[in-house]
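Novice: Quick one, fold the following:
(chains A and B)
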Protein chains: 2
Amino acid sequence: MNPPQKKKKFVSINQKILKESIRLIEREGLDRFSLRKLAEKIKMDPMAVYHYFSSKKELMFSCLQLVFKNFSPNKDSVSKGKPKTKTNLKLSHSQQPEPDFLILQEMIDSYRKKYLQYPNLCKYLLIHPESIPPEIEEYNHMLIREIDRLVSNLEEARLIRDILVDFLHGFCLAEISIAKKNKIQNLELESKFQKSIHFLVRKLLRS
Amino acid sequence: MNPPQKKKKFVSINQKILKESIRLIEREGLDRFSLRKLAEKIKMDPMAVYHYFSSKKELMFSCLQLVFKNFSPNKDSVSKGKPKTKTNLKLSHSQQPEPDFLILQEMIDSYRKKYLQYPNLCKYLLIHPESIPPEIEEYNHMLIREIDRLVSNLEEARLIRDILVDFLHGFCLAEISIAKKNKIQNLELESKFQKSIHFLVRKLLRS
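Specialist: Below is the predicted model:
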């Protein structure tokens, strides 16, 4: 009888299931992923997998929680309006190139990076909004708060947030398709994204 | 020997293959669609299907051509800057509510309708830009021309076109997911789309 060790083993199998699930979902696609396939892969009895996750829905939720762990940006930097990136430019305050927009751009870019890394899990999120983990809920609230800080109109902030997220999904969808086909990460697309989001954010947020 | 009748029969089987392909692709998804499944469905020998379409790629291209037939808007209305929709409002010229943007909104909306009707074929287009049929090429050129007419900057017009298309793809992706889940066409989403595109087009195009 060694309860701490038992707990450790539970956590380690739990993590193994999650990691293999994420790998399988991203490699084979959402439609082809099943608990049976997963159990086969990790050489477990399918019923034993159910001991850890009572349903596919619960498993997916835990995968999303793991992938989006620590996803929300630093709350302090957002509330103070400071971007995480330090600029090397030595400019007087009035010459600063709109630092306000940088936090927003960084937040959008961080979601894009997750999407490119875990496209199938992110697609699952889109189809199952009820499976949104608290980390993404928090991210969403911070995104709206950040936009609201810039436009001072909550309804408009929500509309702008939705437009930005839809644009992001469409861009990533094309980016993934192109990357998959060319079997390379396209640097041109990275620069295209930065240019587009820079343009779009300014157009949407400038009064 | 009756060549016209032979040709008629060829066209009719050709059309039957195309229509069944489109139906299968939209019902079963791109991954699950195959010439073998199609042949089974229309009770034809798979080799006979190849007599009509030498490859899956050729078949897909023909499906897209059929779906996007007569897709480009009336060239005259675009070049003259007149929207197709007739407004019931009796306003003097200076009071007209920005008729310039209406053509663009109509063009975007017509693509959205195709996307909602044929999501899987539109996804194929995204992954295989080399399969773009002439009708969509023409639509793309007209879209850029229409935006360029409003911003007078070809590079910016291309950027705005890409942003609008990415937004559209992202919006439709969410719309289809929600519609599929709720098994209904959501009127709320229709009004959300009109509101978003109205807002976005004005923000992007107003100097």
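Novice: Give me the distance from stretch A:123-130 to the chain's centre.
Specialist: 12 Å (Cα atoms, centre = their mean, to the nearest Å).
Novice: Dump it to PDB, restricted to CA.
Specialist: Coordinates of the C-alpha atoms in stretch A:123-130 are reproduced here as PDB (Å, rounded to 0.1, in the frame of the first residue of the first chain):
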ATOM      1  CA  LYS A 123     -11.400  22.700 -35.200                       C
ATOM      2  CA  TYR A 124     -13.000  20.500 -32.500                       C
ATOM      3  CA  LEU A 125     -13.300  23.700 -30.400                       C
ATOM      4  CA  LEU A 126     -15.100  25.500 -33.200                       C
ATOM      5  CA  ILE A 127     -17.600  22.600 -33.500                       C
ATOM      6  CA  HIS A 128     -18.000  22.100 -29.800                       C
ATOM      7  CA  PRO A 129     -18.000  25.500 -28.100                       C
ATOM      8  CA  GLU A 130     -19.300  23.700 -24.900                       C
END
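Novice: Now it: average pLDDT?
Specialist: Regarding stretch A:123-130, the rounded mean pLDDT is 85.
Novice: Now name the helix or strand holding A:Ser196.
Specialist: helix A:187-205 (DSSP states H and E).
Novice: could you say what helices and strands that helix packs with?
Specialist: helix A:99-117, helix A:134-151, helix A:154-182, helix B:154-182, helix B:187-205 (3 or more Cβ pairs under 8 Å, 6 or more residues apart in numbering or on different chains; DSSP states H and E). Every residue, glycine included, has its C-beta placed from N, CA and C.
Novice: list the contacts for the residue nearest to A:Phe68 when sequence neighbours are not counted?
Specialist: Of all residues not flanking A:Phe68 in the chain, A:Glu135 sits nearest, at 4.4 Å (Cβ to Cβ, 6 or more residues apart in numbering or on different chains). The contact partners of A:Glu135, taken as Cβ atoms under 8 Å, 6 or more residues apart in numbering or on different chains, are A:Gln65, A:Phe68, A:Lys69, A:Asn70, A:Phe71, A:Ser72.
Novice: tell me which element the fifth one falls in.
Specialist: In this structure, A:Phe71 sits in neither a helix nor a strand according to DSSP H and E.
Novice: pretty sure it contacts A:Pro134?
Specialist: No - applying Cβ atoms under 8 Å, one finds A:Phe71 not in contact with A:Pro134, separated by 10.0 Å.
Novice: can I get the helices and strands packed on helix A:187-205 in a markdown table with mean pLDDT and distance to B:Met44?
Specialist: As requested, the helices and strands packed on helix A:187-205 are exported to a markdown table (pLDDT from 0 to 100; distance: least, Cβ to Cβ, whole Å):
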| stretch | mean pLDDT | distance to B:Met44 |
| --- | --- | --- |
| helix A:99-117 | 90 | 41 |
| helix A:134-151 | 93 | 48 |
| helix A:154-182 | 90 | 31 |
| helix B:154-182 | 90 | 30 |
| helix B:187-205 | 92 | 39 |
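Novice: Domain boundaries for chain A, per the record?
Specialist: As given by automatic domain parsing, the domain ranges for chain A are A:3-65, A:68-205.
Novice: Please identify the buried residues of stretch A:62-72?
Specialist: Buried positions in stretch A:62-72, judged by neighbour count with 16 or more other Cβ atoms under 10 Å in any protein chain shown: A:Ser62, A:Cys63, A:Leu64, A:Gln65, A:Leu66, A:Val67, A:Phe68, A:Ser72.
Novice: could those go into TSV alongside secondary structure and pLDDT?
Specialist: Shown next, in TSV, are these (DSSP: H, G, I helix; E, B strand; the rest coil; pLDDT from 0 to 100):
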residue	secondary structure	pLDDT
A:Ser62	helix	95
A:Cys63	helix	96
A:Leu64	helix	95
A:Gln65	helix	94
A:Leu66	helix	95
A:Val67	helix	95
A:Phe68	coil	94
A:Ser72	coil	76
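Novice: follow-up on the earlier one: send over the helix holding A:Ser196 as PDB, restricted to the C-alpha atoms.
Specialist: Presented in PDB, the C-alpha positions along helix A:187-205 are these (Å, rounded to 0.1, in the frame of the first residue of the first chain):
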ATOM      1  CA  LEU A 187       7.900  32.000 -44.200                       C
ATOM      2  CA  GLU A 188       6.100  34.000 -46.800                       C
ATOM      3  CA  LEU A 189       2.800  33.200 -45.100                       C
ATOM      4  CA  GLU A 190       4.200  34.300 -41.700                       C
ATOM      5  CA  SER A 191       5.100  37.700 -43.100                       C
ATOM      6  CA  LYS A 192       1.800  37.900 -45.000                       C
ATOM      7  CA  PHE A 193       0.000  37.200 -41.700                       C
ATOM      8  CA  GLN A 194       1.900  39.900 -39.800                       C
ATOM      9  CA  LYS A 195       1.200  42.400 -42.600                       C
ATOM     10  CA  SER A 196      -2.500  41.500 -42.700                       C
ATOM     11  CA  ILE A 197      -3.100  41.600 -39.000                       C
ATOM     12  CA  HIS A 198      -1.200  44.900 -38.700                       C
ATOM     13  CA  PHE A 199      -3.400  46.400 -41.400                       C
ATOM     14  CA  LEU A 200      -6.700  44.900 -40.200                       C
ATOM     15  CA  VAL A 201      -6.200  45.800 -36.500                       C
ATOM     16  CA  ARG A 202      -5.500  49.400 -37.300                       C
ATOM     17  CA  LYS A 203      -8.400  49.700 -39.700                       C
ATOM     18  CA  LEU A 204     -10.800  48.200 -37.200                       C
ATOM     19  CA  LEU A 205      -9.600  50.100 -34.100                       C
END
